[in-house]
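Q: Just the structure for this:
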Amino acid sequence: MISLLGIVIGLALFILLAYVGYNTIIVAIAAGMMVAVFGGLNPFEALSSAFMPKAVGFMQGYFLIFLFSALFARFMGDSGAAPSIAVKVARIAKKSKNPDMQRWLAVMVLPLIQLILTYGGVNVFVVVFILVAIARSLFKELNIPWWMYSCSCLGSSTVTIGMLPGSPQIQNIIPCEYFQSTTMAAPVLGILCSLITFAIGSGYIWWQCKRTNNKGEGFMPTGELIDKEKLAEVSIKNEKPLWACLLPMIVVIVVLNFLKQSAVVALFSGCLVAWVLYDPRKQDLKKIFSGAMPQAIMPLITVCCASGFGGIVSAVPGFQTIVSSLDALGTSPLTIVLVVNVCSGICGSASSGENIALQNFADRFLATGIPGPQLHRLVAMSSIGLDTLPHSAGVITMLSTTKLTHKQAYINNFILSLLLPIVIACFAAVLISMGFYL
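A: Next up, the predicted model:
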């Protein structure tokens, strides 16, 4: 019981310190040591025997994916291809004359661009670096509250990382090794849930836009800090044609899903096509490589430390109490949703939580008799609910980059990328229980 209490206190400490702005890496270590003490372990030995193996194991398995994803993002960003997509989509919003519709279209530009980029292979952690400049320009011009930027999570933290079949995001890749499935697992179920999620999320964004319009809210005051940042703005002069913007991303999707190559090969292919397509003579490879490193390493280390925290949790006696309690519930599709969400909530990361859940419960999931593709899709969808608690690495990265606080902007993350995905995952679990195996 004391060990279980330690898990609760450690997780609460993790969330609280992350919420008030402490570095997630340090917080994960401190919270892990707290869990170890309550679990009767030497905290420093726990760091060596439980924290580091999980952290290093995650890095060993996914370092190259993060690296090539960051490189791909730099090729797309530095060439002007990704910002060009943003400019083209943003133009649509500016054409509307109705104030409510204009505000809604402008905000919906963000999840749409996020969806395009993340489904095309750009890591969800680095998309924000590409999008923030065009978003600031658009929101400032149309006087939209800057805190509404967090609505962009509808396109990246829900649909493309767990629901849409064929996505090259890591959350859609991890289940493959456990269920002998592919990234195209359960395509009909994934597409159906994606459409429902996007429709409900769009309705929520419409309500928020109308509410803020009626209250007379504008870009300030939440845009005060981002307005002072020096961001590279995109001009019409370096805008690229749509086919050239999309081709490298199409290559990534085709190589991954149709040529059946690994995510690393797919992302490398996308980098190569982008380098050739966007004129090698105009690209500073030294700048691209040096710029990609921090965009790959810092998110990766953050997620690794979240996985390390989960490693300590799984090493203390209280975790076995949790496992026993979950076993007592039986193993049904709804139980799978609960198990994976709990693990993601503990880690504050969809990928780390998914990894911990599958390492400890994959055999139990398979014992249900549910086909591998459906298990793949359900687990991937379930990983993107409680992963968006305040200590989430993705949430913290977004807030720090956009100069927003949890108090200002977290409500949109809570509704769109925590509550909504849990509801949709439960809906998918019910369909699977009814024998929906498409």
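
Q: pLDDT score assigned to Phe58?
A: Residue-level confidence at Phe58 comes out at 83, pLDDT.

Q: Can you pull the phi/psi pair for the closest residue to it other than its chain neighbours?
A: If the residues on either side of it in the chain are set aside, Phe58 comes closest to Ser307, at 4.3 Å by CB to CB, 6 or more residues apart in numbering. The way it works is simple: take the backbone N, C-alpha and C, and place the C-beta from them, glycine included. Main-chain dihedrals, Ser307, degrees, to the nearest 10: phi -70, psi -40.

Q: how many neighbours does Ser307 have?
A: Burial of Ser307 is recorded as 28 neighbouring residues (other CB atoms under 10 Å).

Q: what's it in contact with, if anything?
A: If a contact means CB atoms under 8 Å, 6 or more residues apart in numbering, then Ser307 has 54-55, 57-58, 347, 349, 351-352, 355-356 as its contacts.

Q: again, only using 10 Å
A: Remark: with contacts taken as CB atoms under 10 Å, 6 or more residues apart in numbering, Ser307 is in contact with 28, 51, 53-59, 61-62, 347, 349, 351-356.

Q: Among the residues you listed, name the ones in helices.
A: Where those overlap with helices, as defined by DSSP state H, the overlap consists of 28, 53-59, 61-62, 347, 351-356.

Q: Any of the contacts of Ser307 buried? List them.
A: The neighbour-count test (16 or more other CB atoms under 10 Å) marks 28, 51, 54-55, 57-59, 61-62, 347, 349, 351-356 as buried among those.

Q: So for the chain, the centremost residue is which one?
A: Against the mean C-alpha coordinate of the chain, by CA atoms, centre = their mean, the closest residue is Ser157 at 4.2 Å.

Q: Now do the SS call for that residue.
A: Using DSSP: H, G, I helix; E, B strand; the rest coil, the structure places Ser157 in helix.

Q: Quick check: mean pLDDT of the helix or strand where Ala409 lies?
A: Element membership for Ala409, per DSSP states H and E: helix 406-414. Mean pLDDT, helix 406-414: 92.

Q: Which neighbouring elements make contact with it?
A: Applying 3 or more CB pairs under 10 Å, 6 or more residues apart in numbering; DSSP states H and E, we find helix 406-414 packed against helix 2-19, helix 153-154, helix 187-215, helix 393-402.

Q: give me that answer again for 7 Å
A: Applying 3 or more CB pairs under 7 Å, 6 or more residues apart in numbering; DSSP states H and E, we find helix 406-414 packed against helix 393-402.

Q: which stretches of this protein have low pLDDT?
A: Low-confidence regions of the chain, defined by pLDDT under 70, span residues 230-238, 327.

Q: what's the neighbour count on Ile301?
A: 18.

Q: about what we covered before: residues contacting the closest residue to the residue nearest to the centre of the chain other than its chain neighbours?
A: Ranked by CB to CB, 6+ apart and with sequence neighbours excluded, the top spatial neighbour of Ser157 is Ser417, at 3.9 Å. Ser417 makes contact with 153, 157-158, 384, 388, according to CB atoms under 7 Å, 6 or more residues apart in numbering.
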